[in-house]
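Participant: next input, structure requested:
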Amino acid sequence: MLHTTSLGEAGPRVAFCHGLFGQGKNFTQMAKELASDHRVTLIDLPDHGRSPWSTSFSYVGMADQVAEALASVGGDERWALVGHSMGAKTAMLLALRRPELVDRLTVVDMSPVAYRGRTVFEDYVAGMRSLPLDRLSGRAEADELLAPYVPEATIRAFLLQNLRRDDDGGFRWQMNLQLLGDSLADLAGWPADEIEPGRTYDGPVLWLAGAESRYVRPEFGDAMRGYFPRTRLITVKGAGHWLHSEQPAIFTAAMRQFLSAG
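Facilitator: The predicted structure is shown next:
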């Protein structure tokens, strides 16, 4: 079973699905702000955080495990589902396959398409794999060694949240770096052949895009609205792929408005 953390005692249910190399706790501040009038669940997706590791990557398998976790927490209640990046693809697939579980959907800087070409995540994987985990003196050295591969300090900090000290004094990755690093092509894909032809999710969908990101483009609009006809797109200025951390006030305001809409 996936690891979850829940906040809030009353109100509609909201679940957050993080992106690649993230953890549910990445949305802790947002969850605290919503917990006054929502029941919020933060999910560690498979091979991330405190959730179990697997032997192969599959968006369908990930969506099915999220559905199982939601049912374990909330029974047959419906959820407002929020997903970023990899978590957004998982959330979209879950909404399409199990629409009875999803009251509304927020897709953060991702599209239901297969992306082509090289990405910065290849650099991230190369950098993390280069770290001498058994000889690291500490996180400061890890950060220094990672810098040539990942110039942005905030992204290095995001990646290094996954570094854990072993009992023998060395370090290990809490996430399944071997599998995830080997699965970048699948992570960039979209399992269109696993979706029934003509299948749509007809609930309300908020599509948030970072203006400086390339994951949401005009040419992807037909695919998005083909699956999700009630999509509303908001582009956030001054934000890239991690728009929820780059523009948290705008993200929170947009989420609150969407969650409170009829």
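Participant: so which helix or strand takes in Ala253?
Facilitator: In this assignment (DSSP states H and E), Ala253 forms part of helix 248-260.
Participant: and the spatially closest residue to Phe220 that is not a sequence neighbour, how many neighbours?
Facilitator: Leaving aside its sequence neighbours, Phe220 sits nearest to Ser111 (C-beta to C-beta, 6 or more residues apart in numbering; 3.9 Å). Where C-beta positions appear, they are placed from N, C-alpha and C, glycine not excepted. Other residues lying near Ser111 total 21 when counted by other C-beta atoms under 10 Å.
Participant: also Trp79?
Facilitator: The number of residues near Trp79, taken as other C-beta under 10 Å, comes to 25.
Participant: shouldn't it be in contact with Phe16?
Facilitator: No: counting by C-beta atoms under 8 Å, Phe16 is not a contact partner of Trp79; they are 10.3 Å apart.
Participant: picking up where we left off before, so the residue nearest to Phe220 sits right up against Ala223, yeah?
Facilitator: Yes: counting by C-beta under 8 Å, Ser111 touches Ala223, with 6.4 Å between them.
Participant: where does this structure dip in pLDDT?
Facilitator: Scanning the chain for pLDDT under 70 picks out 262.
Participant: which segments of it make up each domain?
Facilitator: 4-115+189-260, 120-182 (automatic domain parsing).
Participant: centre of the chain to the longest one, how far?
Facilitator: Computed by C-alpha atoms, centre = their mean, to the nearest Å, the separation of domain 4-115+189-260 from the middle of its chain amounts to 7 Å.
Participant: same check, this time on stretch 188-195
Facilitator: Chain-centre distance of stretch 188-195: 17 Å, with C-alpha atoms, centre = their mean.
Participant: next: stretch 123-142.
Facilitator: 23 Å.
Participant: and the contacts of it?
Facilitator: 21, 145-146, 148-150, 155, 159-160, 163, 170-173, 177, 180-181, 184 (C-beta atoms under 8 Å, 6 or more residues apart in numbering).
Participant: out of these, which end up buried?
Facilitator: Neighbour counting over the contacts of stretch 123-142 (16 or more other C-beta atoms under 10 Å) leaves 21, 145-146, 149-150, 155, 159-160, 163, 171, 173, 177, 180-181, 184 as the buried ones.
Participant: for His48, state which of those residues is nearest.
Facilitator: The shortest gap between His48 and any of those belongs to Phe21, at 7.3 Å (C-beta to C-beta).
Participant: isn't that closest one right next to Asn162, touching?
Facilitator: Yes: between Phe21 and Asn162 there is a contact under C-beta under 8 Å: 6.4 Å.
Participant: overlap in contacts, the two.
Facilitator: With C-beta under 8 Å, 6+ apart as the test, Phe21 and Asn162 both reach His48, Met175.
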